[in-house]
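Enquirer: I'd like to go over a predicted model; first the sequence, then the structure.
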Amino acid sequence: MTDDRKPMIECRGVHKHYGDYHALRGIDLTIRAGEFFSLLGPSGCGKTTLLRTIAGFEDISDGAILIDQKRMDEVPANKRPTNMVFQSYAIFPHLTVAQNVAFGLRRDPRSKAEKAALVDEALAMVGLRGFGNRAAHALSGGQRQRVALARALILKPKVLLLDEPLSALDRKMREQMQVELIKLQRQVGITFVLVTHDQEEALVMSDRIAVMFDGEIAQLDGPEALYARPANRRVADFIGVMNFLPARILGESDGAVTVEAPGLGVVELPARQVSRANPDDEGPTLGFRPETMTLVGANQTHSQPRETNATIDEVVYYGDMTYYDLRLDGAAGLDGRARPVRISMRNVFGRDVQEVGTRTRLAWSPGSLVLFR
Amino acid sequence: MAKALDAQARRGYALIAPPFLYALLILAAPLLTILTYSFLTDGYLEVVRDFTPANYVQVWTDPIVRTVMLRSLMVSALVTLVTVLLAFPVAYYVSFIVRPEKKALWLFLITIPFWTSYLIRVFLWKVILGYNGVINSSLTGLGIIDEPLTFILYNVNSIVITLAHAYAPFAILPIFVALEKIDRSLLEAGRDLGESRAMTFWRVTLPLAMPGVLAAVLIVFIPTIGDYVTPELIGGGKIPMIANLIQVQMLALDNRPLGSALAVTAMAIVALVSIVFLLINRRFLKARS
């Protein structure tokens, strides 16, 4: 990501109280112009509240929000350079598709014919050419969403805010819309701010993601960094699947940490694989993603530096993937019980799905481990 | 599937049969009687069975009937206008500003006037508006006026005030329901798309509330046009409406055929107005379904 683009949205120490409830606890955030930015978190984490404060539907209790370098404190929602795609799409049921799209153009000085051309253009952009005269209530969910997009984008906002726009669509439609939204964002070049609770959606679509818990930003990073180097256990647990093993710290030098984990033995991890924010206070924990380790058949060879013996506890077949729950040899050592670890294997041609109870070898590299302490 | 539906439909018909028969007896039979009467001839202390359209000719040509009919329409239109205009802000307040857990209480409070008989409420208005009533005696007592105000009793104003108060809940409730059904994100969308609160109200809230407003119009208009008690008591009998005229023909003058023809005519006019409003309402309702 290029960092030299100018900031489009700046949140400085933003707090929001609802009575006793502290919904936003000091949000500091800069979203750059042209970025596809996501606010990701479980429900109740404050992501929608933050979006609504940017849109101007909620006042902030403390701090400041700047859009395009202007303070928004006194600017009402209808005067802000933002437009929103609502979770329910908020399509006006008493208007046609074209009237919905043209809703925000009332004060536009252009002629009727020019406006009509703009509406046609906006509808074409979202793939609804020729739908202008349809009644809004006769549209499907996906079509409503496209109308909501066209209605917002026709006003050429500096920022497009999207509040869980895909949550009401079925899976196929959702995946299709994800790709379409990315393309659309590249085409129009507008800053997109997406609110979602779906980590996969955020990873697919965003340039950068802010993961929020309890009204605070837990981590702000690009999708790959977020996935590979989660800042703490909570983020790691929320984004994708991660295995956690209790670990014992043996030594430390120049930021590199030597740890021992049951089943994995002793490993030395460089500083970049060590996360020092572990608010859960569960003691040092080693984490790794299911796809970073490989099951190796009895007669197979591999190029990984480490190898661990294990027994297959459970097999979950997904078609393209198989998930294996494994008991690592020696894993019962520290806390007395062996917690299974989950490994995923792509079902490539020629690789058989293994059976429950099989003794197997697990090949891995210390480079795929993350230490939370 | 069709068969199952038939069985279900049969059960439905069986269920509504008793009230349906009852309604037929109570509603349709008197209506048919009135309709028949309106084509008969009036004799001395009896109704002669000669079929004639003469009653209708008389009703439609009589200048007094026309004056009273137009006055009834005018008064009920005025009552409807005042009632709905006053009811809308109340419904809006309850729907948009009152906290959700308090709404039931508000609706309950709005219906409290119904706990008293309408007759008593009419008399109360008389007490308030009368020559020596609450308003006049307080104003004269305070020295603001020397002579009691006369424009507040025994005229159209007082009828409008009384009826608007009586029908307020009937207007508030349908408007409230229509406002409640509006998805609040639509109003945010209106603001988000650059409109002020006032313009959002004009372009989003009001059009979506129209089915409720039109329902309120009908609910207030239909009964007020046939109102009998209010003009009699509050109007002092000096400004009769169509119902008072019907009563005079039916009972005082014992001319049932003419009274019936008046009633049928009034009914037809109300029906016509109602159909117009229903057609308008259908347009709004279609947009919402």
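Expert: Received the coordinates, thanks. All of these numbers come straight from a predicted model, not from anything done at the bench.

Enquirer: Make sure residue A:119 is actually in contact with residue A:153.
Expert: No: in terms of C-beta atoms under 8 Å, residue A:119 does not count as a neighbour of residue A:153; the distance is 11.4 Å. C-beta coordinates here come from the backbone N, C-alpha and C atoms, glycine included.

Enquirer: what residues does the stretch 251-373 of chain A put near chain B?
Expert: Within the stretch 251-373 of chain A, no position lies close to chain B (C-beta under 8 Å from any C-beta of the partner chain).

Enquirer: Point out where the stretch 251-373 of chain A drops to low pLDDT.
Expert: Across the stretch 251-373 of chain A, the ranges flagged by pLDDT under 70 are A:277-281, A:332-338.

Enquirer: That one: strands as residue ranges?
Expert: Taking DSSP state E, counting those that start in this stretch as the test, the strands found in the stretch 251-373 of chain A are A:256-261, A:265-269, A:274-275, A:285-288, A:294-296, A:306-317, A:321-328, A:341-346, A:359-364, A:370-372.

Enquirer: same deal with the stretch 1-150 of chain B?
Expert: Counting by DSSP E, counting those that start in this stretch, the strands of the stretch 1-150 of chain B are B:41-42, B:47-48.

Enquirer: Could you single out the most deeply buried of the ones you listed?
Expert: Per residue and on average, the most neighbours among the strands of the stretch 1-150 of chain B fall to strand B:41-42, with a mean of 18 (mean count of other C-beta atoms under 10 Å in any protein chain shown).

Enquirer: Please work out the average pLDDT along it.
Expert: In this model, strand B:41-42 has a mean pLDDT of 84.

Enquirer: helices or strands up against it?
Expert: In terms of contacts (3 or more C-beta pairs under 8 Å, 6 or more residues apart in numbering or on different chains; DSSP states H and E), strand B:41-42 is packed against strand B:47-48, helix B:256-288.

Enquirer: how about a cut-off of 6 Å?
Expert: Helices and strands touching strand B:41-42, by 3 or more C-beta pairs under 6 Å, 6 or more residues apart in numbering or on different chains; DSSP states H and E: there are none.

Enquirer: ok, and what's touching it?
Expert: Strand B:41-42 is contacted by residues B:48, B:50, B:52, B:255, B:257 when judged by C-beta atoms under 6 Å, 6 or more residues apart in numbering or on different chains.

Enquirer: same check, this time on stretch B:43-54
Expert: Taking C-beta under 6 Å, 6+ apart as the rule, stretch B:43-54 contacts B:39, B:40, B:41, B:256.

Enquirer: Distance from the chain centre to that stretch, please.
Expert: 33 Å (C-alpha atoms, centre = their mean, to the nearest Å).

Enquirer: Could you tell me which helix of chain A is the longest one?
Expert: helix A:171-188 (DSSP state H).

Enquirer: Output the contacting helices and strands for that one.
Expert: Using 3+ C-beta pairs under 6 Å, 6+ apart, helix A:171-188 sits against helix A:199-205.

Enquirer: What residues of the helix it packs on count as buried?
Expert: Within helix A:199-205, the residues scored as buried using 16 or more other C-beta atoms under 10 Å in any protein chain shown are A:199, A:201, A:202, A:203, A:205.

Enquirer: can you check stretch B:15-35 too?
Expert: residue B:34.

Enquirer: Now do it: distance to the chain's middle.
Expert: Using C-alpha atoms, centre = their mean, the offset of stretch B:15-35 from its chain centre is 22 Å.

Enquirer: Of the buried residues of helix A:199-205, which is the nearest to chain B?
Expert: The shortest approach to chain B among the buried residues of helix A:199-205 belongs to residue A:201, at 20.7 Å (C-beta to the nearest C-beta).

Enquirer: where does the stretch 1-150 of chain B dip in pLDDT?
Expert: In the stretch 1-150 of chain B, residues with pLDDT under 70: B:1-5.

Enquirer: How much space separates residue A:28 from residue A:65?
Expert: In this view, residue A:28 and residue A:65 are 11 Å apart by C-beta to C-beta, to the nearest Å.

Enquirer: okay, the two: which has more neighbours?
Expert: Shown here are residue A:28 and residue A:65; by other C-beta atoms under 10 Å in any protein chain shown, residue A:65 has more neighbours (22 against 13).

Enquirer: Quick check: bridge partners of that one?
Expert: In this entry, residue A:65 is beta-bridged to residue A:11, by DSSP bridges.

Enquirer: still on that earlier bit, distance to residue A:258 for the contacts of stretch B:43-54 - can I get that in CSV?
Expert: Formatted as CSV, these follow (distance: C-beta to C-beta, whole Å):
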residue, distance to residue A:258
B:39, 110
B:40, 113
B:41, 117
B:256, 110
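
Enquirer: Check the separation of the first and last residues in stretch A:205-220.
Expert: 15 Å (C-alpha to C-alpha, to the nearest Å).

Enquirer: pretty sure residue B:159 contacts residue B:236?
Expert: No: applying C-beta atoms under 6 Å as the test, residue B:159 and residue B:236 come out as separate, 10.1 Å apart.

Enquirer: returning to what we had before: out of the strands of the stretch 251-373 of chain A, the one nearest residue A:87 is which?
Expert: strand A:321-328 (30.7 Å; C-beta to C-beta).

Enquirer: what sits up against the helix or strand hosting residue B:164?
Expert: If you go by DSSP states H and E, residue B:164 is part of helix B:156-180. With contacts defined as C-beta under 6 Å, 6+ apart, helix B:156-180 is touched by B:75, B:78-79, B:82-84, B:87-88, B:90-91, B:94-95, B:110-111, B:125, B:129, B:151-152, B:209, B:211-213, B:215-216, B:219-220, B:224, B:230-231, B:234-235.

Enquirer: Show the buried residues in those residues.
Expert: Looks like the contacts of helix B:156-180 have B:75, B:78-79, B:82-84, B:87-88, B:90-91, B:94-95, B:110, B:125, B:129, B:152, B:209, B:211-213, B:215-216, B:219-220, B:224, B:230-231, B:234-235 buried, using 16+ other C-beta under 10 Å.

Enquirer: Next, check the contacts of helix B:156-180 against the helices and list the overlap.
Expert: Using DSSP H, those in helices are B:75, B:78-79, B:82-84, B:87-88, B:90-91, B:110, B:125, B:129, B:209, B:211-213, B:215-216, B:219-220, B:224, B:230-231.

Enquirer: for stretch B:272-283, which positions count as buried?
Expert: In stretch B:272-283, counting by 16+ other C-beta under 10 Å, buried: B:273, B:281.

Enquirer: hmm, it in reach of chain A?
Expert: No: remark: stretch B:272-283 sits outside contact range of chain A, by C-beta under 6 Å from any C-beta of the partner chain, the gap being at least 9.6 Å.

Enquirer: Contacts for that stretch, please.
Expert: Contacts of stretch B:272-283 (C-beta under 6 Å, 6+ apart): B:211, B:214, B:217, B:218.

Enquirer: Tell me how many other residues surround the last one.
Expert: For residue B:218, the number of neighbouring residues by other C-beta under 10 Å comes to 18.

Enquirer: Quick check: the gap between it and residue B:225.
Expert: 11 Å.

Enquirer: Quick check: what element follows the helix or strand harbouring residue A:99 along the chain?
Expert: Using DSSP H and E, residue A:99 maps to helix A:97-101. Note on helix A:97-101: by DSSP H and E, the next helix or strand toward the C-terminus is helix A:112-125.

Enquirer: for that following helix, which positions count as buried?
Expert: For helix A:112-125, by 16+ other C-beta under 10 Å, it's A:115, A:118, A:119, A:120, A:122, A:123, A:125.

Enquirer: Could you export these as TSV, including distance to chain B and pLDDT?
Expert: Shown next, in TSV, are the buried residues of helix A:112-125 (distance: C-beta to the nearest C-beta, whole Å; pLDDT from 0 to 100):
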residue	distance to chain B	pLDDT
A:115	14	95
A:118	14	95
A:119	13	96
A:120	18	95
A:122	13	95
A:123	16	95
A:125	17	92
